[in-house]
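Trainee: Dropping a prediction and its sequence here:
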Amino acid sequence: MIQLDNLTKVFDTPKGAVVAADHISMEVPAGEICILLGPSGCGKTTTLKMINRIVKPTSGKVFIDGEDTTGMDTQQLRRNLGYVIQQIGLFPNMTIEENITVVPKLLGWDKARYRERAREMMAMIAMEPDAFLKRYPSELSGGQQQRIGVARALAADPPVMLMDEPFGAIDPINRTVIQDEFLKMQQELNKTIMFVSHDIDEAIKMGDRIAVFREGKLVQYSTPDDLLAAPKNAFVESFLGEDRALKRLNLVKVREVVSDEIGTVVPGDTLETALAKIDDFGYQNSILMVNDQRQPVGLITRAVARTTRGYCRDHFQNVPATVNLDDDLRKVASLMFAQDTTWLPCVDDDGRVCGQITQRAMTHHLGARFRAQETNDLTPDAATKE
């Protein structure tokens, strides 16, 4: 959907020419979010602004859906590109409805259509239309204004959206909420998005692809998983941080690591039965008790099963936590640390036990990618020396 072909910007300054973007070439497939990532002054915002010609390229071309935009009317180009900036940029003298419908009006939509579109946009960003459409930006919180900025960019249903640190000015709690809401919207809208950020955690969470910039150059363009597992050079590796292996926890879902081999007992089983099953799963010090619907209702510990007689229903502890198949490994690791356990039961959307996830399985899954990369990086000579 978006293709940059040797896109370059050179600024003339009193001290000479400054190359802000140096022959940037990349493609963003339709329906994906591409994050432009890097330190301040690396050229990512300049690159974004050249796409909608807020900054005029010195050389190179931009293609949108295969069409060269070089000869396209600038205003027409911008009306077909949604644009969201960190400072939000709402018109203070316009109501929320008027802000959202600016571009549809310019495109000649009739009144009934653009007013209905405003209500649709408000519902999409989880804000009640009747409560907010007639208000002015000054009457909204910063987080609410940011949502309106996103709604305005989406109002004319553009195929491409450009976002320049759109959530950067929002406090961490609201930022996380808005990021989550935006990702939910993207699942329905399937827009092609270029998104500037300097926050590696945001990039990993939001991006299908990440482009890392340094001093005007595109250093690496990869999926988040490839970027974390195989940084191209020392700069990318240092920018990602020493905890890049842990950052991959955000990218892996429980369903990728879960094992369906899990021992369970029912309330009517004896503690002797429970102990025998615990021994079958030697790395665990407890076993899960489930009801007739195979929902977790308790834990039987090895210590209790070994020293007590009776039935499981009379000697169980509460289940400390469960995880869903669509949870990420970061949540799992947090729960394991909080509950001082090395395994957790996994449940489906109906709360039925479908397996377990262990600390050992998580470690193996994360380490396998790095071991594979190290093997690929070995040259024949290096491998011989090894």
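Mentor: It's in.

Trainee: Can you classify K205 as helix, strand or coil?
Mentor: helix (DSSP: H, G, I helix; E, B strand; the rest coil).

Trainee: Burial check on the nearest residue to D65 once chain neighbours are set aside, number of neighbours?
Mentor: In this structure, D65 finds its nearest non-sequential neighbour in M1, 5.6 Å apart by C-beta to C-beta, 6 or more residues apart in numbering. Where you see a C-beta, it was placed from the backbone N, CA and C, and this is true even at glycine. For M1, the count of nearby residues is 19 (other C-beta atoms under 10 Å).

Trainee: which ones are touching the residue lying closest to L329 once chain neighbours are set aside?
Mentor: Among residues not flanking L329 along the chain, L249 sits closest, at 4.1 Å (C-beta to C-beta, 6+ apart). Going by C-beta atoms under 8 Å, 6 or more residues apart in numbering, L249 touches 328-330, 332-333, 362, 366.

Trainee: Please repeat the previous calculation with a cut-off of 7 Å.
Mentor: Listed by C-beta atoms under 7 Å, 6 or more residues apart in numbering, the contact partners of L249 are 328-330, 333.

Trainee: next one: P57
Mentor: Contacts of P57 (C-beta under 7 Å, 6+ apart): 7-9, 50.

Trainee: need the residues you listed in CSV with neighbour count, can you?
Mentor: As requested, the contacts of P57 are arranged in CSV below (neighbours: other C-beta atoms under 10 Å):
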residue, neighbour count
L7, 24
T8, 18
K9, 22
M50, 23
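
Trainee: could those residues go into TSV alongside secondary structure, pLDDT and distance to D225?
Mentor: Compiled in TSV, these are given as follows (DSSP: H, G, I helix; E, B strand; the rest coil; pLDDT from 0 to 100; distance: C-beta to C-beta, whole Å):
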residue	secondary structure	pLDDT	distance to D225
L7	strand	94	26
T8	strand	94	30
K9	strand	93	31
M50	helix	92	28
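
Trainee: Can you lay out the contacts of L249 as a markdown table showing distance to D243?
Mentor: Shown next, in a markdown table, are those (distance: C-beta to C-beta, whole Å):
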| residue | distance to D243 |
| --- | --- |
| D328 | 15 |
| L329 | 14 |
| R330 | 11 |
| A333 | 12 |
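
Trainee: In helices only, show me those.
Mentor: 329-330, 333 (DSSP state H).

Trainee: Please spell out the ChimeraX selection for the buried subset of those.
Mentor: Entered in ChimeraX, the line below selects the buried ones among the ones in helices among the contacts of L249, by 16 or more other C-beta atoms under 10 Å:
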select :329,330
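
Trainee: who touches T341 in this structure?
Mentor: P320.

Trainee: need the contact list for T95.
Mentor: 133-136.

Trainee: quick one: which of these has the most company?
Mentor: Highest neighbour count within the contacts of T95, by other C-beta under 10 Å: L133, with 21 neighbours.

Trainee: So it is in contact with M94, correct?
Mentor: No. Contact criterion C-beta atoms under 7 Å: L133 and M94 do not qualify, at 11.3 Å.

Trainee: So of the contacts of P57, which two are at opposite extremes in space?
Mentor: T8 and M50 (8.9 Å; C-beta to C-beta).

Trainee: For those two, list the residues in contact with both.
Mentor: Jointly contacting T8 and M50 under the rule C-beta under 7 Å, 6+ apart are 21, 57.

Trainee: So which of the contacts of P57 is the closest to D110?
Mentor: Using C-beta to C-beta, these come closest to D110 at M50, 34.1 Å.

Trainee: Tell me which helix or strand the residue nearest to F167 when sequence neighbours are not counted sits in.
Mentor: Of all residues not flanking F167 in the chain, R175 sits nearest, at 4.9 Å (C-beta to C-beta, 6+ apart). Under the criterion of DSSP states H and E, R175 resides in helix 172-189.
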